[in-house]
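Asks: I would like to see how this sequence folds:
(chains A, B and C)
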Amino acid sequence: MPEIPEVTAFGAYVKNHCLKKVITLVQSTAPQLIKNINLAAFKQILVGDQFESVSRLGKYLVIDLKKSKKKLVMHFGLTGFLTYLHNHENVRYSCVNFIFNDHSELHYNSVRKFGKLWLIDSIDEIKELKNLGTDPLKFSEKQFLALIADNKPKNIKVFLMDQTIIAGIGNEYSDEILFQAGIDPRRTINDLSVAQKKRLFKMMGSVLNYAIKLRMHNLDKIPSGGFFSQVDKDTFKTSYLQAHRHSDGKCPHNKNHELARIKINGRTSYFCPIDQR
DNA sequence: ACGGATGTTATTAA
DNA sequence: ATTAATAACATCCG
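Replies: This is a model prediction of the structure:
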């Protein structure tokens, strides 16, 4: 699920714990996740180097390295997350482990191993990064309306999740944004009124900012066996769809409204057929 | 036991 | 030219 709020939190987590420490060892039990370089070269560049700064591009985390001036890029796929430890322990689902000179460690973990890592000189080396759309938190309403003004029958949920248009929104947050905006996920962009588009823009910002606040507040509660979803029930307001995205889920606005579950673009989508039109 | 799962891409179809 | 549908990637969970 790592979308903008989660990747933002992962970035802050790395910043809090890992900057300026010298990497002494890199281990990997799943080197196939490292995409543009072999494991030996990956290790050779990283060992002796330091994480200098951290930023986020869409769902990608970018870590600038001090000595080599290269960038360590991480994408978390479906199930990726990070764990920082002060001493060595076995970490379930660990794929790549960065060990620092104070014996602390940063693990990149993934259950289903759909994530990717790169070590590059420039983001232009990764096609998906180069083609990334605008960050939804940096949009002005005017820019958003211009993008969505397109007179195409493109599905609205597919639009929100299209990384080349808007960078960083995935299945869960697109459902949440559409729910908060009261828009049926089966609608197409040419079919929405200007008022609906404006509401969508507003909710996109407020949903993401609210989720970022929650994630940042729970940085060190990243569960060792999974990731954020395990704490979602307790952290998200019940007026959010997030806590109700399961079979038998009820609309947070009205318990008599059963949530519908359909596939859009191959992805499971939950919505309230009564409140979302 | 088998279907489904939070992401992305390539391929094929419409 | 565009959009939609499907499979593939690897693995765990209910």
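
Asks: Provide a list of residues in contact with the residue lying closest to residue A:21 once chain neighbours are set aside.
Replies: Nearest non-adjacent residue to residue A:21, counting by C-beta to C-beta, 6 or more residues apart in numbering: residue A:100, 3.8 Å away. For the C-beta atoms, the positions are set from N, CA and C on the backbone; glycine is no exception. For residue A:100, the contact set (C-beta atoms under 8 Å, 6 or more residues apart in numbering) comprises A:18, A:21, A:22, A:23, A:24, A:106.

Asks: Count the residues that sit near the residue in the stretch 151-277 of chain A positioned nearest to DNA strand B.
Replies: Here the stretch 151-277 of chain A gets closest to DNA strand B at one residue, residue A:170, 2.0 Å apart by C-beta to the nearest atom of the strand. By other C-beta atoms under 10 Å, the residues close to residue A:170 number 19.

Asks: What backbone torsions are found at it?
Replies: Backbone torsions for residue A:170, taken as degrees, to the nearest 10, come to phi -120, psi -160.

Asks: how much space between it and residue A:17?
Replies: Using C-beta to C-beta, to the nearest Å, we find residue A:170 at a distance of 25 Å from residue A:17.

Asks: ok so, going back, take the contacts of residue A:100 and keep only those in strands.
Replies: Applying DSSP state E to the contacts of residue A:100, the entries found in strands are A:23, A:24, A:106.

Asks: if we can go back for a sec, if I pick the residue of the stretch 151-277 of chain A closest to DNA strand B, what's in contact with it?
Replies: Contact analysis of residue A:170 by C-beta under 8 Å, 6+ apart lists A:1, A:2, A:3, A:59, A:161.

Asks: picking up where we left off before, list phi and psi for the residue nearest to residue A:21.
Replies: With angles defined as degrees, to the nearest 10, residue A:100 sits at phi -100, psi 170.
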